[in-house]
Each structure stands twice: as structure tokens, then as C-alpha cells.
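Engineer: quick one: sequence plus predicted model below, questions after.
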Amino acid sequence: MRIAVYPGSFDPVTNGHLDVIRRAAQVFDQVIVAIAKSSAKEPMFSIAERLEMLRTVLRELPNVRVGAYHGLTVRYAREQGARALIRGLRAVSDFEYEFTMALTNKKLAPEIETVFLMTEAKHSFISSGSVKEVARYGGCVEDMVPVEVGRILRDKFRMRGEG
């Protein structure tokens, strides 16, 4: 079975992420969308909220499951039996960072390949950070995130008294 891990913060999941996930699901037998628990970032959504969002928007993809991990991505990938890491690229500016990470991961786990998938051009400007900024000020995120995620964002900012 060809298993791949698509790691990220997914805070929140965007249409760009979904584009990469759908295409990875056509290439691999199983794709694990894995939320990285990072001490370097202060997320807007808890791990539980992000897992629920991902489960909701990925429910129609039978060969995709979600998980969360802490620590090295390649260690998690090994534990899951994965042979590949999926990385999405939006623009050339993403490549330098991703290339360095791919080389580091290859040094740590030579048996695990990194596969880069370009997001569709219509999603190339979307980032979780820009989505949160637009939503914070009441802007329309309709074309940037799934409908369910847009609703969750609006509710989150309402609860915080923003937007």
C-alpha cells in the first residue's frame, strides 16, 4: 500500500490545502493529513477543532484520514508506514524553504520521499494567515475556504468580539 503523509498546521484548512489533498488521494492508496503540533506557532484553532474541520471537509475522500503528531514529521511518517511526504507549493517563494526541509528529511529518513504538488493557480494566493486576516475584519473568504470552515471562522471571530 502506498501511504503518504501531508503535514501542516491547517489553521484553518483552505481550498488550496483541499486541492493538494484531493490530487494526492488520486496518486496514493492512503493519504494521512497530519496536524503538526508546533510550539513555534500560536494557532487560532485547537488541535481538536482542526481535526474536526478536516474530518468534515474530507469526509467524501475514503482513502484520506486525519491525525496529529508532535515532533519530527519523518518519525511520524515512519510510524504510519508512509513512504512519502506531500508538500504543497503555491509559488516559487515556497520552494526554497520546502527544498531545504526536503533535504533535511531525506538525511533523517532516506527511505521517505518528498513529493511536491503545485496548487491550482486560482488558489496560489491563499494562505491560512491571509484567510484569518480577511475573516477577522469581516471580509469574504468564500472562495478561500470550504463553506463549513468559513462559518466556523465567522463564529470564532464573533465569539472573540472581532469582525
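Structural biologist: Arrived safely. Numbering: from 1, shown residues only.
Engineer: R22 reaches L58, doesn't it?
Structural biologist: No. The pair R22 / L58 is not scored as a contact, 9.0 Å apart, by Cβ atoms under 8 Å. C-beta coordinates here come from the backbone N, C-alpha and C atoms, glycine included.
Engineer: the more surrounded of those two?
Structural biologist: A side-by-side neighbour count of R22 and L58, using other Cβ atoms under 10 Å, places L58 first with 21 against 15.
Engineer: any low-confidence regions in the chain?
Structural biologist: For the chain, the stretches with pLDDT under 70 are 39, 160-163.
Engineer: can you rerun that using 90?
Structural biologist: By pLDDT under 90, the weakly predicted segments of the chain are 1, 37-42, 90-96, 120-127, 136-139, 142, 154-163.
Engineer: those strands in it, which residues are they?
Structural biologist: For the chain, the strands defined by DSSP state E occupy 3-8, 30-37, 64-70, 84-89, 113-118.
Engineer: export those to TSV and append columns for mean neighbour count and distance to N15.
Structural biologist: Formatted as TSV, the strands of the chain follow (neighbours: other Cβ atoms under 10 Å; distance: least, Cβ to Cβ, whole Å):
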stretch	mean neighbour count	distance to N15
strand 3-8	22	14
strand 30-37	22	14
strand 64-70	17	16
strand 84-89	22	11
strand 113-118	16	14
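Engineer: what's the closest of those to R50?
Structural biologist: For R50, the closest of the strands of the chain is strand 30-37, at 5.3 Å, according to Cβ to Cβ.
Engineer: and the angle from the closest one to strand 84-89?
Structural biologist: If you take axes from the mean of the first three to the mean of the last three Cα atoms, to 10 degrees, strand 30-37 sits at 70 degrees to strand 84-89.
Engineer: ok, strand 30-37: who's next to it in the sheet?
Structural biologist: Strand 30-37 has the following sheet partners, assigned by DSSP bridges: strand 3-8 (parallel), strand 64-70 (parallel).
Engineer: can you redo those strands as TSV with distance to D29?
Structural biologist: Formatted as TSV, the strands paired with strand 30-37 follow (distance: least, Cβ to Cβ, whole Å):
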stretch	distance to D29
strand 3-8	7
strand 64-70	11
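Engineer: my read: L108 touches V74, true?
Structural biologist: Yes. The pair L108 and V74 qualifies as a contact (Cβ under 8 Å) at a distance of 4.9 Å.
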